[in-house]
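> Would you be able to build a 3D model of this:
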Amino acid sequence: MPTTFTSFPVAYSNALDEVLVASTYASKYSVPGAEFLTAKQVSVPDLSFGASPAPVAYNRFKSAEGDIKVDRKVYTLAHDDEKVFYIDAVDAINEAAVPITKAISEYQRTILAPEIDKDFFAVAKAKAATKGTTALTAANIKAEIRKARTQFTQAGLHGGDLYMTSAALGLLEDATNRQWSNETSITDTVGSYNGFNVYEVADSILGADFTAISGGNRTMQYITKRAALYLFAPGSHTNGDGWLAQNRWVYGSIVPANKAAGVYTSKKA
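Numbers count the residues shown, from 1 in each chain. Down below sits the predicted model:
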């Protein structure tokens, strides 16, 4: 296959990246500029600090105590997905990038984004410090959520995000005697509860009754890169006489070993 290709307009590739950001829960925990070592391996830094000197031992900042230590751990991302899009030359007379961008955008929004989020929540469930198995009811759901808040507090974390299925959210609504509202702005949250931003997530994506995450991308890290975005003109490939776009996404989510206390999940046994 010939290797000549038309450069994909930067404005359109940026628009495609924005689609993923707007369409995924995982993007809130993204780590920009991750250091890729291979196609799927990334190096993630973790900072730790030495003990601070006691006041009686204070020696005008000459002590070696309190030194910053940077440890790097290599993680292998779980996914390396490819997709080819074809636009007939007749349908792309003026500018092929426009219809192809629309096609890729729709694919990302309806197919890729749900897969990214499904993987994100699966990792959260697998790595959570606590995996509750209690069957939720309107009578016990507040106590179950309180367990997550307590775990986070003990780990030095406060607040966070609470992702719930429609059924679990319904139980929480039935258990509270207040109106849920979000009057200050329009977002994908349905409100807040006890220091948590609450999100309603499809059962097939969440994979649990509820999952709580505290600490942002210091606790969970979603890493992605667009490994390829090539646009081949008619005559430069052997797959017909139209325009051909090759896409490749490498992505995955991780929870550093010492950050598991920032994740709590509950799924009826």
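> Let me see the ranges of the strands in this protein.
Assigned by DSSP state E, the strands in the chain fall at 35-36, 41-49, 68-76, 79-87, 130-132, 160-164, 189-193, 196-200, 210-213, 221-232, 243-254, 263-266.
> For stretch 201-214, give me every contacting residue.
Contacts of stretch 201-214 with the rest of the structure, by C-beta atoms under 8 Å, 6 or more residues apart in numbering, involve 25, 29, 114, 117-118, 121-122, 124-125, 128, 136, 144-145, 148-149, 152, 155, 157-168, 196, 219-220, 262-268. From N, CA and C alone the C-beta is placed, and that goes for glycine too.
> Just name the most buried of the strands of the chain.
Compared across the strands of the chain, strand 210-213 shows the largest average neighbour count, a mean of 28 (mean count of other C-beta atoms under 10 Å).
> export that one as CSV, just CAs?
This file holds the C-alpha atoms of strand 210-213, laid out as CSV (Å, rounded to 0.1, in the frame of the first residue of the first chain):
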residue,chain,number,x,y,z
PHE,A,210,-22.1,2.6,43.0
THR,A,211,-18.5,3.6,42.8
ALA,A,212,-17.0,6.5,44.7
ILE,A,213,-13.6,8.1,43.8
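> who does that strand pair up with?
strand 160-164 (antiparallel), strand 263-266 (antiparallel) (DSSP bridges).
> For residue 241, which of the ones you listed is the nearest?
Comparison of the strands paired with strand 210-213 against residue 241 by C-beta to C-beta identifies strand 160-164 as nearest, at 46.5 Å.
> re earlier: including mean pLDDT and distance to residue 98, could the strands of the chain go into TSV?
Formatted as TSV, the strands of the chain follow (pLDDT from 0 to 100; distance: least, C-beta to C-beta, whole Å):
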stretch	mean pLDDT	distance to residue 98
strand 35-36	86	30
strand 41-49	76	33
strand 68-76	79	36
strand 79-87	90	9
strand 130-132	96	47
strand 160-164	96	35
strand 189-193	76	33
strand 196-200	94	33
strand 210-213	98	38
strand 221-232	86	11
strand 243-254	91	11
strand 263-266	98	41
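> Contacts only, for the nearest residue to residue 77 once chain neighbours are set aside.
In space, and not counting its chain neighbours, residue 77 is closest to residue 252: 3.1 Å by C-beta to C-beta, 6 or more residues apart in numbering. With contact set as C-beta under 8 Å, 6+ apart, residue 252 has these partners: 40, 75-79, 119, 123, 222-224.
> And residue 252, how far from residue 261?
Computed with C-beta to C-beta, to the nearest Å, the distance linking residue 252 and residue 261 is 21 Å.
> still on that earlier bit, just the buried subset of the contacts of stretch 201-214, please.
Of all those considered here, the ones buried according to neighbour count by 16 or more other C-beta atoms under 10 Å are 25, 29, 117-118, 121-122, 124-125, 128, 136, 144-145, 148-149, 152, 155, 157, 159-165, 168, 196, 219-220, 262-267.
> count of neighbours near residue 242?
Here the neighbour count serves as a burial measure; for residue 242 (other C-beta atoms under 10 Å) it reads 19.
> Quick check, it in contact with residue 85.
No - counting by C-beta atoms under 8 Å, residue 242 stays clear of residue 85, with 9.9 Å between them.
> For residue 229, list each beta-bridge partner.
When bridges are taken as DSSP bridges, the partners of residue 229 come out as residue 247.
> quick one: contacts for it?
Taking C-beta under 8 Å, 6+ apart as the definition of contact, the neighbours of residue 229 are 8, 13, 16, 245-248.
> Next, format the residues you listed as JSON lines and append distance to residue 69.
Compiled in JSON lines, the contacts of residue 229 are given as follows (distance: C-beta to C-beta, whole Å):
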{"residue": "8", "distance to residue 69": "42"}
{"residue": "13", "distance to residue 69": "38"}
{"residue": "16", "distance to residue 69": "38"}
{"residue": "245", "distance to residue 69": "45"}
{"residue": "246", "distance to residue 69": "42"}
{"residue": "247", "distance to residue 69": "39"}
{"residue": "248", "distance to residue 69": "36"}
